[in-house]
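Visitor: Generate a structure from the sequence data that follows.
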Amino acid sequence: MIKFVSALAAILVAAWLAWPSGETQPGGQSQPLAHQNLPAAAQRTTVNTRACSSGISAFCQGNPPPSQLALRSPQLEARRTTMRKLGIVTPNIYDEMGLLQLQELSKKHDIYAVLQLAIRHRIEIDSLRREPGYNFKEQPKEVEQRYWIEAVTVGHAHSASILAEQLWRDGKAAEAVSWSLLAKQMGDPAAENWLKEKQAILDPNDRAVAANRAVGLLNYVIQQQIEMRSTQ
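Guide: The predicted structure is shown next:
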């Protein structure tokens with residue numbers, strides 16, 4: 001594992017620092033790590049993009065299939081609109097769940113529950129505050145970011161891209177790029193163009209900080225997945 005992370009660090013840092021502004025990598029496309037070269041824990045972080053056209057999957061990014069459940073409230077419509085814009089989707093049954101049920105499922109690493117919790121802490125704070133299980137001591141934005149990170153550790157690469165965009169808007173450029181680099185290494189196709197645009201703005205020092213931070217994030221994700229597998 002140590003040798004793997006060290007090798008990955010060298011690859012990731014070198015590729016990022018050598019990537020000139022406004023240009024793609026050789027071949028005009030991203031060069032993610034080969035699935036077969038990753039350890040078992042890391043393999044679970046890669047995204048099967050071809051599976052995205054086969055139906056509902058939290059691991060797909062893009063335009064989800066239309067819901068089969070009629071919209072019954074402005075809140076639900078707003079939630080689904082936000083999810084479509086972000087490129088994520090969950091089965092309809094999760095829309096019916098309350099905060100406590102989603103929290104219990106998230107403890108079992110249920111990706112759909114985790115995504116629902118992230119979305120609701122972004123746009124439904126007023127209603128969440130009226131539900132059992134809401135923690136008034138925590139800031140909603142911090143809770144939302146924690147759920148995006150949890151989704152990443154479960155293997156949802158696009159959550160890293162969503163978090164990157166949020167951090168960028170908050171003025172945390174280097175940290176944002178590090179999460180986007182992680183999303184790219186995990187196979188999220190949305191990260192490629194985002195990085196091409198943002199990397200031109202960063203100075204060399206911030207690019208180096210972002211690359212090194214991304215290695216640490218990938219190491220963290222791998223370690224979390226090892227621990228999850230050991231408890232299954």
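
Visitor: Give me the contacts around the helix or strand hosting V143.
Guide: Using DSSP states H and E, V143 sits within helix 140-154. With contacts defined as C-beta atoms under 8 Å, 6 or more residues apart in numbering, helix 140-154 is touched by 45, 58, 106, 109, 111, 114-115, 117-118, 121-122, 125, 128, 135, 159-160, 162-163, 166, 182, 186, 220-221, 224-225, 228. (C-beta placed from N, C-alpha, C; glycine too.)

Visitor: I'd like the average pLDDT over that helix.
Guide: On average, the pLDDT along helix 140-154 is 97.

Visitor: how much space between H156 and A200?
Guide: Using C-beta to C-beta, to the nearest Å, H156 is found at 27 Å from A200.

Visitor: Check L100 too.
Guide: Taken as C-beta to C-beta, the span from L100 to A200 is 45 Å.

Visitor: Quick one, which of the contacts of helix 140-154 are buried?
Guide: Buried by 16 or more other C-beta atoms under 10 Å: 45, 58, 106, 109, 111, 114-115, 117-118, 121-122, 128, 159-160, 162-163, 166, 182, 186, 221, 224-225, out of those.

Visitor: Restricted to helices, list these.
Guide: Counting by DSSP state H, the part of those found in helices is 106, 111, 114-115, 117-118, 121-122, 128, 159-160, 162-163, 166, 182, 186, 221, 224-225.

Visitor: show me the contacts for A173.
Guide: 198, 201-202, 206.

Visitor: okay if I get the residues you listed as a markdown table plus distance to V152 and secondary structure?
Guide: Listed next are the contacts of A173 as a markdown table, based on distance: C-beta to C-beta, whole Å; DSSP: H, G, I helix; E, B strand; the rest coil:
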| residue | distance to V152 | secondary structure |
| --- | --- | --- |
| K198 | 18 | helix |
| I201 | 24 | coil |
| L202 | 22 | coil |
| D206 | 22 | helix |
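
Visitor: Switch those over to JSON lines; also include distance to E144 and pLDDT.
Guide: Compiled in JSON lines, those are given as follows (distance: C-beta to C-beta, whole Å; pLDDT from 0 to 100):
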{"residue": "K198", "distance to E144": "21", "pLDDT": "92"}
{"residue": "I201", "distance to E144": "25", "pLDDT": "89"}
{"residue": "L202", "distance to E144": "25", "pLDDT": "90"}
{"residue": "D206", "distance to E144": "25", "pLDDT": "92"}
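
Visitor: Point out where this protein drops to low pLDDT.
Guide: 1-72 (pLDDT under 70).

Visitor: switch the cut-off to 80
Guide: Regions of the chain meeting the criterion pLDDT under 80 cover residues 1-72, 232.

Visitor: tell me the strands in it, going along the chain?
Guide: With DSSP state E as the criterion, the chain has no strands.

Visitor: Compare H156 and A200 (neighbour count), which wins?
Guide: H156 (29 against 11; other C-beta atoms under 10 Å).

Visitor: what sits against the nearest residue to K198 once chain neighbours are set aside?
Guide: Leaving aside its sequence neighbours, K198 sits nearest to V177 (C-beta to C-beta, 6 or more residues apart in numbering; 5.9 Å). Neighbour list for V177: 164, 168, 195, 198-199, 202, 206-207, 210, 214 [criterion: C-beta under 8 Å, 6+ apart].

Visitor: Turn those residues into CSV, including distance to L76 and neighbour count.
Guide: Putting the contacts of V177 into CSV (distance: C-beta to C-beta, whole Å; neighbours: other C-beta atoms under 10 Å) gives the following:
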residue, distance to L76, neighbour count
A164, 27, 28
W168, 29, 19
L195, 34, 23
K198, 33, 17
Q199, 38, 20
L202, 39, 18
D206, 40, 16
R207, 41, 21
A210, 37, 25
A214, 36, 26
